[in-house]
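Engineer: Please work out how this folds:
(one chain, ligands or ions: 2)
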Amino acid sequence: MKESRSKPNHRANRRSFLMKGVLAAGAATAGAGLLATRLSAVSHGPEEKSGRLTPGDASILRFLAAAEILETDLWQQYNELGGIQDSEVPGGSGSPLYTDALKVLDGDMDQYIHDNTEDELTHEVFINAYLASKGADTVDLDRFHTLPSSKATGAQQIGRLTNIMQLTVDTTWWTRYRSRTKNPDFGDTFPQAIPTLAVGQHPAIPRSDDDLTPSDHIQAIANTAGFHFGTIEQGGTSLYPSLAQRVTNVEVLRIVLSIGPTEAMHFQTWQDKAGNAPALTDPKDPALVFPNLNASPLGGEDFQTNLIMPEPTVFLSRQLPACSIVRPTGTKGAAMGALTFLTAMGLFLGQSKEFFSFMTDLAEDADEARRDVE
Ligand SMILES: [Fe+2]
Ligand SMILES: [Fe+2]
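Structural biologist: Ligands and ions are numbered 1, 2, ... in the order given. Next comes the predicted model:
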């Protein structure tokens, strides 16, 4: 799916989304209790209302709210089939064979999936509620819940925002966080840990009960999910510090600095679990191969699976000493970069031109935000 470049009447379109957003009670994907905390925002005028926030801060928070809504949507799909379905994260009834395959990576995978899902839901609801509390427009993506659900037993049959059944998963974070000499902020590039996952389209949840067998096939799907978890959460780990550099208000900075590290906690967990994905070839898609990451031709320190903390690397200047850091954290074009990254993985395959116009607009506004001296 290509991003739409033309944006006819995009301001007017976005306007109507922002205005309707908080008025809709919808979102079957969200927890009922949290939904009730969504606040109404009444807005006027040709542009988004920033209320008592600077326009830049409001734009950054709106992009983050949208990103969190999208994260919630994909995590919800994982939780319905492979997590724990309860009052905190309702919806779905679980797929025992998929859940068991995920548990090959770690016996607590269902708990971690549940908790990651709940975290994203609270991020989404909190940021929108904060925007509303400041008289700023909020974000709602309810009208874009148009993508199909998995037909596998255990999934809810509702419209989704994201597609996790045709993913192209970038696994370069595996080598990026293990490199002692390279940093993407310097233009450096990194090899894929799972090259066959980074090409083609792969389901990360069973698309139907046909995907539950043979066992190596559902394991390949669980392995794909295991790497996709890391791919998503390393993105959040970079996005927050990248955008924080352009926040003006100290309280908004506190929000960004307090949510961002939870994305890093997610990422580190998933990095640890991905390393446990068993080596195999998908019997239903022999092009998909999960190698033994500890063996030749991989192996060596770059691939070692017990390296779950960042190796120190070059930061700011090659003249300065190496430092253990999140990477990248460059701030220029960070929001559009995140949107492009999510689009390239196939997460929005099937979404409308309106969706891409709306998201592009939010990202552009966030990237226009500049830190004001108060
Ligand atoms: Fe989040
Ligand atoms: Fe996240």
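Engineer: in stretch 220-228, what counts as buried?
Structural biologist: Within stretch 220-228, the residues scored as buried using 16 or more other Cβ atoms under 10 Å are Ala220, Ile221, Ala222, Asn223, Thr224, Ala225, Gly226, Phe227, His228. Using the backbone N, CA and C atoms, a C-beta is placed for each residue, glycine as well.
Engineer: quick one: which of the residues you listed is nearest ligand 2?
Structural biologist: His228 (12.0 Å; Cβ to the ion).
Engineer: quick one: contacts for that closest one?
Structural biologist: By Cβ atoms under 8 Å, 6 or more residues apart in numbering, His228 lies in contact with Ile164, Leu167, Val169, Ala204, Met345.
Engineer: wait, isn't the fourth one in contact with Gln166?
Structural biologist: No - between Ala204 and Gln166 no contact is recorded; they are 9.2 Å apart, counting by Cβ atoms under 8 Å.
Engineer: These two - which one has more neighbours?
Structural biologist: Ala204 (27 against 17; other Cβ atoms under 10 Å).
Engineer: And the more buried one, how far from Ala287?
Structural biologist: 16 Å (Cβ to Cβ, to the nearest Å).
Engineer: After the top helix by length along the chain, which helix or strand is next? Please name it.
Structural biologist: The longest helix of the chain (DSSP state H) is helix 215-244. Following helix 215-244 in sequence order, the next helix or strand is helix 250-274 (DSSP states H and E).
Engineer: any bit of that next one sitting next to ligand 1?
Structural biologist: No - judged by Cβ under 5 Å from the ion, helix 250-274 stays clear of ligand 1, getting no closer than 5.5 Å.
Engineer: quick one: buried residues of that helix?
Structural biologist: For helix 250-274, using 16+ other Cβ under 10 Å, the buried residues are 252, 255-256, 259-260, 262-264, 266-274.
Engineer: can you check stretch 327-345 too?
Structural biologist: 327-331, 334-339, 341-343, 345.
Engineer: Repeat that for stretch 361-374.
Structural biologist: Asp361, Leu362, Ala363, Glu364, Asp365, Ala366, Asp367, Ala369, Arg371.
Engineer: Strands of this protein, residue ranges please.
Structural biologist: For the chain, the strands defined by DSSP state E cover 280-282, 285-290.
Engineer: What is the neighbour count of the closest residue to Phe186 other than its chain neighbours?
Structural biologist: Nearest residue to Phe186 in three dimensions, chain neighbours excluded: Val314, at 6.4 Å (Cβ to Cβ, 6 or more residues apart in numbering). Using other Cβ under 10 Å, Val314 has 21 other residues around it.
Engineer: from here on, count from 818
Structural biologist: Yep, numbering from 818; the last one is Val1131 now.
Engineer: what's Val1131 in contact with, if anything?
Structural biologist: Counted by Cβ under 8 Å, 6+ apart, Val1131 has contacts Thr998, Lys999, Asn1000, Phe1003, Leu1137, Ala1139.
Engineer: Kindly state the pLDDT recorded for Asn1111?
Structural biologist: On pLDDT, Asn1111 comes in at 89.
Engineer: Name the nearest residue to it, sequence neighbours excluded.
Structural biologist: Looking at Asn1111 with Cβ to Cβ, 6+ apart, the closest residue is Thr1122, at 5.7 Å.
Engineer: cool, and Ala1061?
Structural biologist: That would be Val1073: by Cβ to Cβ, 6+ apart, it lies 4.5 Å from Ala1061.
Engineer: do Thr1098 as well
Structural biologist: Val1106 (5.0 Å).
Engineer: Would you check that the one you found makes contact with Ala1010?
Structural biologist: No - between Val1106 and Ala1010 there is no contact under Cβ under 8 Å: 11.8 Å.
Engineer: Looking at those two, which one has more neighbours?
Structural biologist: Neighbour count, other Cβ under 10 Å: between Val1106 and Ala1010, Ala1010 has more, with 28 against 15.
Engineer: how far away is the more buried one from ligand 1?
Structural biologist: 23 Å (Cβ to the ion, to the nearest Å).
Engineer: surely that residue meets Val986?
Structural biologist: No - using Cβ under 8 Å, Ala1010 makes no contact with Val986, being 9.8 Å away.
Engineer: tell me, what's touching the two both at once?
Structural biologist: Joint contacts of Ala1010 and Val986 (Cβ under 8 Å, 6+ apart) are Phe1044.
Engineer: Would stretch 872-881 count as contacting ligand 1?
Structural biologist: No - against ligand 1, stretch 872-881 shows no contacts by Cβ under 5 Å from the ion, the least distance being 8.2 Å.
Engineer: Format the CA atom coordinates belonging to that stretch as CSV.
Structural biologist: C-alpha atoms of stretch 872-881 as CSV (Å, rounded to 0.1, in the frame of the first residue of the first chain):
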residue,chain,number,x,y,z
PRO,A,872,0.0,24.6,18.6
GLY,A,873,3.3,22.6,18.4
ASP,A,874,2.7,20.8,21.6
ALA,A,875,-0.9,20.0,20.7
SER,A,876,0.3,18.7,17.3
ILE,A,877,2.9,16.5,18.8
LEU,A,878,0.4,15.1,21.3
ARG,A,879,-2.2,14.5,18.6
PHE,A,880,0.3,12.5,16.5
LEU,A,881,1.3,10.5,19.5
